[in-house]
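J.: would you be able to build a 3D model of this:
(one chain, ligands or ions: 1)
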Amino acid sequence: MKPLLEIKHAVKTIYNDDENLNILNDINLSINPKDFLVVLGTNGAGKSTLMDAITGTNELTSGKILLNGKDITDENLAKRSRNISRVYQDPKSGTAPRMTVAENLLLAKRRGLPRRLYLRHLKENLPEFQKLISNLPTLDNRLNTFTEKLSGGQRQTLSFLMAIIQKPELLLLDEHTAALDPQTSKDLMELTNKVILEKELTCMMITHDLSDAMNYGNRLIVLKKGKIILDLDQSEKDKLKEKDLLQYF
Ligand SMILES: Nc1ncnc2c1ncn2[C@@H]1O[C@H](COP(=O)(O)OP(=O)(O)OP(=O)(O)O)[C@@H](O)[C@H]1O
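T.: Now for the predicted structure:
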């Protein structure tokens, strides 16, 4: 199978305390279409830096990134964002606060189009948006609510819907449930898994939650000091116990 994403000899070096430090230390990783890859690792292991390199937020010192066989290493953030979407941990980061839920969804649906077209024809899109949120008690009847009035969980659910409304080639989830209370976090994780499977998305998800790492995804990697120290496929993951994972922390 042709990989969707290939990371080849990725190195990110920073200068810290009078010395060079490799926060990504020769990472090689291929993700196949429809893979749901979970990434675990201690604080500072390099997980977000790896996602930053994939989105173009922070460029690599050396190495290559290919999407569908095409070298995107030197493409800018805006160009990559047409194919790659990302949900961050902070509920405030993914949505425009002074716009309604419906307007935010329209912005996400129109991503990549000229800005003057962004908010046209809102009305005719409302039935689609209503359908999208109709099975989500957290957002039902909220289409006309300003996003700044939503709770963190509602905003994060909206950020997630915005990330998937235009089917992305690659979905990146950067601890997207970590700031939420346990029940809201569980609800969003279940929604995430359902949508990924139904829409056959390719996804890379960073988490610190060991049970989410065990329960979701078909592949699991552990990062430590900028290196992949464990890489398990579905069958290896199925045999895993939480205590097996704890030894890597
Ligand atoms: N621009 C930068 N300048 C200096 N140090 C940086 C920079 N970006 C990241 N680092 C350092 O690189 C290391 C990796 O950071 P990164 O945020 O990728 O880790 P992480 O695995 O996502 O951690 P966490 O689980 O805490 O979010 C950390 O030690 C961090 O302090």
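J.: what mean pLDDT does stretch 74-93 get?
T.: Mean pLDDT, stretch 74-93: 91.
J.: which strands and helices sit next to the helix ranked longest in the chain?
T.: For the chain, the helix with the greatest residue count under DSSP state H is helix 182-198. Helix 182-198 sits against helix 152-164, with contacts defined as 3 or more C-beta pairs under 8 Å, 6 or more residues apart in numbering; DSSP states H and E. All C-beta atoms are positioned from the backbone trio N, CA, C, and that covers glycine.
J.: in the helix it packs on, what counts as buried?
T.: Within helix 152-164, the residues that count as buried by 16 or more other C-beta atoms under 10 Å are 153-164.
J.: dump those into CSV; add distance to the ligand and pLDDT as well.
T.: Listed next are the buried residues of helix 152-164 as CSV, based on distance: C-beta to the nearest ligand atom, whole Å; pLDDT from 0 to 100:
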residue, distance to the ligand, pLDDT
153, 20, 92
154, 24, 93
155, 20, 94
156, 17, 94
157, 22, 95
158, 23, 96
159, 18, 96
160, 19, 96
161, 24, 96
162, 22, 95
163, 19, 96
164, 23, 96
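J.: reformat these as CSV; add distance to residue 241.
T.: Compiled in CSV, these are given as follows (distance: C-beta to C-beta, whole Å):
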residue, distance to residue 241
153, 30
154, 35
155, 35
156, 30
157, 31
158, 36
159, 33
160, 29
161, 34
162, 36
163, 32
164, 32
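J.: re earlier: output the longest helix of the chain as CSV - backbone C-alpha positions only.
T.: Extracted C-alpha coordinates of helix 182-198, given in CSV (Å, rounded to 0.1, in the frame of the first residue of the first chain):
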residue,chain,number,x,y,z
PRO,A,182,-13.7,13.3,32.2
GLN,A,183,-17.3,12.9,30.8
THR,A,184,-16.9,15.6,28.1
SER,A,185,-13.5,14.2,27.2
LYS,A,186,-15.0,10.7,26.9
ASP,A,187,-17.9,12.0,24.7
LEU,A,188,-15.6,13.8,22.4
MET,A,189,-13.2,10.8,22.1
GLU,A,190,-16.1,8.6,21.2
LEU,A,191,-17.4,11.1,18.6
THR,A,192,-13.8,11.3,17.2
ASN,A,193,-13.5,7.6,16.9
LYS,A,194,-16.9,7.2,15.2
VAL,A,195,-16.2,10.0,12.7
ILE,A,196,-12.7,8.6,11.9
LEU,A,197,-14.1,5.2,11.2
GLU,A,198,-17.2,6.3,9.3
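J.: now do that helix against helix 152-164, angle only.
T.: Angle, helix 182-198 to helix 152-164, by axes from the mean of the first three to the mean of the last three C-alpha atoms, to 10 degrees: 10 degrees.
J.: model confidence over helix 182-198, on average?
T.: 95.
J.: measure residue 67 to the ligand for me?
T.: Between residue 67 and the ligand the computed distance is 20 Å (C-beta to the nearest ligand atom, to the nearest Å).
J.: should've said residue 101
T.: Residue 101 is 28 Å from the ligand, by C-beta to the nearest ligand atom.
J.: ok, back up a step: just the buried residues of the longest helix of the chain, please?
T.: 184-185, 187-189, 191-193, 195-196.
J.: likewise for stretch 35-45?
T.: For stretch 35-45, the neighbour count (16+ other C-beta under 10 Å) marks 35-41, 45 as buried.
J.: who touches the longest helix of the chain?
T.: Under the criterion C-beta atoms under 8 Å, 6 or more residues apart in numbering, residues 36, 136, 138, 152-153, 156-157, 160, 164, 171, 173, 176-178, 180, 201, 203, 205, 209, 212, 216 lie in contact with helix 182-198.
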